[in-house]
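> show me the folded form of this:
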Amino acid sequence: MTKADIQLVRALADKRGRTEHGLFVAEGEKLIGELRTSHLGVRKIFALEGLFSGPEVEVVGTKEMERLSLLKTASNSLALVEIPHYGLDMRALAGRLTLALDDVQNPGNLGTIVRLADWFGITDIVCSEASADCFNPKVVQATMGAILRVRVHYTDLGGFLRQAADAGLPVCGTFLEGENIYGASLPEAGIVVMGNEGRGISDAAAATVTRKLFIPPYPAGRRGSESLNVAMATGIVCAEFRGRQARRARDRRKGAKNRRKEPQTDKGNSRHNADDGKNLKSTGGAADRQAAPLFTGYRPSAATPNRA
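Just a heads-up that it's a prediction; the model follows:
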């Protein structure tokens, strides 16, 4: 390990350095192990003896790792990884749930949101250009490896959301004056906008929102915390969207199963079993009775929206 190596790692702690070198820092045996089997390119690994092997690995001692590490408590390994560049195709987002972050600036919040997206099967997050850098070392550590599976894009968020709305994609956002999310009719796909930690969703982004949602406190009307942390709110919103999707899918499967079980009549006279086990004669043609329609809607518990 040379002095130049230490200077490079220090430079990568800053966004300007990451942009200049096209690299970011990842620390820890588990994360680096996942990186080596991912689509990302690992340029160099510094590690204690016995952890990794290969031409890109340099074995260092504990003291050297303490000098290299960007964490408060030095890890046992550190990797220099090539920053990926992803294209953002509006057509590819159709039929998917996508998160949009409007100036989310805390690295810990962004890292947690990336991890939540991975958990709920959301593959793309679109960020405003003023949002925290997803390759900030604190963000990378907070994602717990999810940064390998979630594509994070940076763009003019207002323009992106206008294009999405023009393309017919539902754009949902969280607002204190929004509709109770537990009673609202939610789309299966679309874009969910989460706002800045202090001021929420900007006016430019809010102008594109087609559905305003609100996470109510419990019980309704109780005075408590003024608002939710943006990462916590994102988790609640994602869970509700995915929960609705799961219930709709379950109801569709149940409906299809019931249709397969309906008795089929032959031409002319046919016989089928009634509920009491006795054989009844059918007069032919349509079934004797139609199945009652399935209720596939969502009935929330009685909760009234209340400004938190």
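> can you pull out the helices in the chain?
Assigned by DSSP state H, the chain shows helices spanning 3-11, 15-21, 29-36, 62-68, 90-93, 107-119, 137-143, 157-166, 203-206, 230-261.
> nearest to residue 126, out of those?
helix 157-166 (5.8 Å; C-beta to C-beta). C-beta coordinates here come from the backbone N, C-alpha and C atoms, glycine included.
> packing partners of that closest one?
Secondary-structure packing of helix 157-166 (3 or more C-beta pairs under 8 Å, 6 or more residues apart in numbering; DSSP states H and E): helix 90-93, strand 97-101, strand 124-128, strand 171-180, strand 190-194, helix 203-206.
> rewinding a little: with mean pLDDT, distance to residue 47 and mean neighbour count as extra columns, can I get the helices of the chain in CSV?
Below are those laid out as CSV (pLDDT from 0 to 100; distance: least, C-beta to C-beta, whole Å; neighbours: other C-beta atoms under 10 Å):
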stretch, mean pLDDT, distance to residue 47, mean neighbour count
helix 3-11, 95, 13, 14
helix 15-21, 96, 20, 14
helix 29-36, 95, 8, 17
helix 62-68, 94, 8, 15
helix 90-93, 88, 37, 13
helix 107-119, 97, 23, 22
helix 137-143, 95, 17, 22
helix 157-166, 94, 39, 18
helix 203-206, 95, 43, 16
helix 230-261, 88, 31, 15
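> make JSON lines out of the ones you listed and add distance to residue 46.
Converted to JSON lines, the helices of the chain look like this (distance: least, C-beta to C-beta, whole Å):
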{"stretch": "helix 3-11", "distance to residue 46": "7"}
{"stretch": "helix 15-21", "distance to residue 46": "16"}
{"stretch": "helix 29-36", "distance to residue 46": "10"}
{"stretch": "helix 62-68", "distance to residue 46": "6"}
{"stretch": "helix 90-93", "distance to residue 46": "37"}
{"stretch": "helix 107-119", "distance to residue 46": "22"}
{"stretch": "helix 137-143", "distance to residue 46": "14"}
{"stretch": "helix 157-166", "distance to residue 46": "37"}
{"stretch": "helix 203-206", "distance to residue 46": "41"}
{"stretch": "helix 230-261", "distance to residue 46": "31"}
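> who's in contact with the spatially most central residue of the chain?
Nearest to the geometric centre of the chain sits residue 117, at 2.0 Å (C-alpha atoms, centre = their mean). Applying C-beta atoms under 8 Å, 6 or more residues apart in numbering to residue 117 gives the contacts 99, 123, 125, 146, 150, 238.
> ok, so of the residues you listed, who is nearest residue 60?
Nearest to residue 60 among these, with distances taken as C-beta to C-beta, is residue 146, at 27.4 Å.
> which one of the helices of the chain lies closest to residue 83?
Between residue 83 and these, the tightest spacing by C-beta to C-beta is seen for helix 15-21, at 6.6 Å.
> helices or strands up against that closest one?
For helix 15-21, the packing partners by 3+ C-beta pairs under 8 Å, 6+ apart come out as helix 3-11.
> would you turn the helices and strands packed on helix 157-166 into a markdown table with distance to residue 229?
Conversion of the helices and strands packed on helix 157-166 to a markdown table gives the following (distance: least, C-beta to C-beta, whole Å):
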| stretch | distance to residue 229 |
| --- | --- |
| helix 90-93 | 26 |
| strand 97-101 | 14 |
| strand 124-128 | 17 |
| strand 171-180 | 12 |
| strand 190-194 | 11 |
| helix 203-206 | 19 |
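> quick one: closest of these to residue 38.
Of the helices and strands packed on helix 157-166, nearest to residue 38 by C-beta to C-beta is strand 124-128, at 16.9 Å.
> and the gap between residue 132 and residue 10?
In this view, residue 132 and residue 10 are 20 Å apart by C-beta to C-beta, to the nearest Å.
> circling back to that earlier point, mark which of the contacts of residue 117 are buried, thanks.
Neighbour-count burial (16 or more other C-beta atoms under 10 Å) is assigned, among the contacts of residue 117, to 99, 125, 146, 150, 238.
> which of the residues you listed lies closest to residue 261?
In terms of C-beta to C-beta, no member of these lies closer to residue 261 than residue 238, at 34.8 Å.
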